[in-house]
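*Asks:* What follows is a predicted structure for the sequence shown.
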Amino acid sequence: MVFNILTLFPNLLSCFFKESIIGRAIEKSLININLIDIRDYSKDKHKKVDDYPFGGGQGMVIGPDAVFNAVGSLENPGYVVYTTPRGNLLNQEKVKDLSEYTVLTILCGHYEGIDQRVIDNIVDEEISIGDYVITGGELAAAILVDAVSRQIDGVLGNKQSRKEESFDNSGLLEYDQYTRPADYKGHKVPDILLSGNHREIEKWRLKNRLKNTILKRIDLVLRLIDEDKFSDEYKKLLEEIRKELEDERY
Ligand code: ADE
């Protein structure tokens, strides 16, 4: 998969993409990241790309010319995304959808934004990484590339790593993980995980996922109920969780 990233700050991203899982995915040619400096496409002798907003107001706006030229220079821009707090909220479903494209072009916003004519004519989708504002679209682009890349076979090295995680098909958050020692200064690992009984461990993990989801993200549980995906197995486990929580209270 190819990611073209149009940015005013390519150095912000280049170090992130060198490291760890994404760095290895690039080395293995599973993904290819093309960092494009929008300033390189400015016709201004000082490489200026922004200007005052028409109608007045705070800050500067990235003008259309350099961005149109930068995107126009791409042989195949594929699906074009603009990172902005007013975009569609990124979630795992959206991440999976985006991983189906062979080429993704990400335009990073900055300052007070970008000339609307760019969005109207070049951008296929505006995407937000959450209901908060960061100083520029680069971190949002890094998150997008990271989340989409790990959907590509081979990137995680082991498909299993994507099997039982938060926001998978079950609609539940992930279960609690433990490693050695089994007893850390009196803080013990749940006995069942040391039992070697795989069926019981699977059951514990599913129940733990459900409990985590109920306690941390009740909106996800309500969505499962709404979509008629709250199975009889979940209902049985829910009753067990309710009893356990009640016992903990008294
Ligand atoms: N740029 C600034 N804030 C952002 C957000 N929440 N998502 C995507 N891009 C942004």
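*Replies:* Arrived safely.
*Asks:* ok now do residue 129, which residues does it touch?
*Replies:* 83, 90, 139, 140, 143, 144 (CB atoms under 8 Å, 6 or more residues apart in numbering). From N, CA and C alone the C-beta is placed, and that goes for glycine too.
*Asks:* who wins for neighbours among those residues?
*Replies:* residue 83 (27 neighbours; other CB atoms under 10 Å).
*Asks:* and it, what element?
*Replies:* strand 79-89 (DSSP states H and E).
*Asks:* Give me the helices and strands touching the following helix or strand past that strand, please.
*Replies:* Where DSSP H and E defines the elements, the next helix or strand beyond strand 79-89 is helix 92-98. Using 3 or more CB pairs under 8 Å, 6 or more residues apart in numbering; DSSP states H and E, the elements in contact with helix 92-98 are strand 79-89, helix 137-149.
*Asks:* and helix 92-98, average pLDDT?
*Replies:* Averaging pLDDT along helix 92-98 gives 97.
*Asks:* how far out from the middle of the chain is it?
*Replies:* 9 Å (CA atoms, centre = their mean, to the nearest Å).
*Asks:* Say whether the ligand is contacted by it.
*Replies:* No - Helix 92-98 lies out of reach of the ligand by CB under 6 Å from any ligand atom, never closer than 12.4 Å.
*Asks:* Only alpha carbons, please: show that helix as CSV.
*Replies:* Coordinates of each C-alpha in helix 92-98 appear next as CSV, following Å, rounded to 0.1, in the frame of the first residue of the first chain:
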residue,chain,number,x,y,z
GLN,A,92,-11.7,0.8,13.6
GLU,A,93,-14.4,0.3,10.9
LYS,A,94,-13.1,3.4,9.0
VAL,A,95,-9.5,2.1,9.5
LYS,A,96,-10.5,-1.2,7.9
ASP,A,97,-12.3,0.5,5.0
LEU,A,98,-9.2,2.7,4.3
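*Asks:* quick one: contacts of that helix?
*Replies:* 79, 81, 88, 104, 127, 144, 147, 148, 151, 166, 167, 168.
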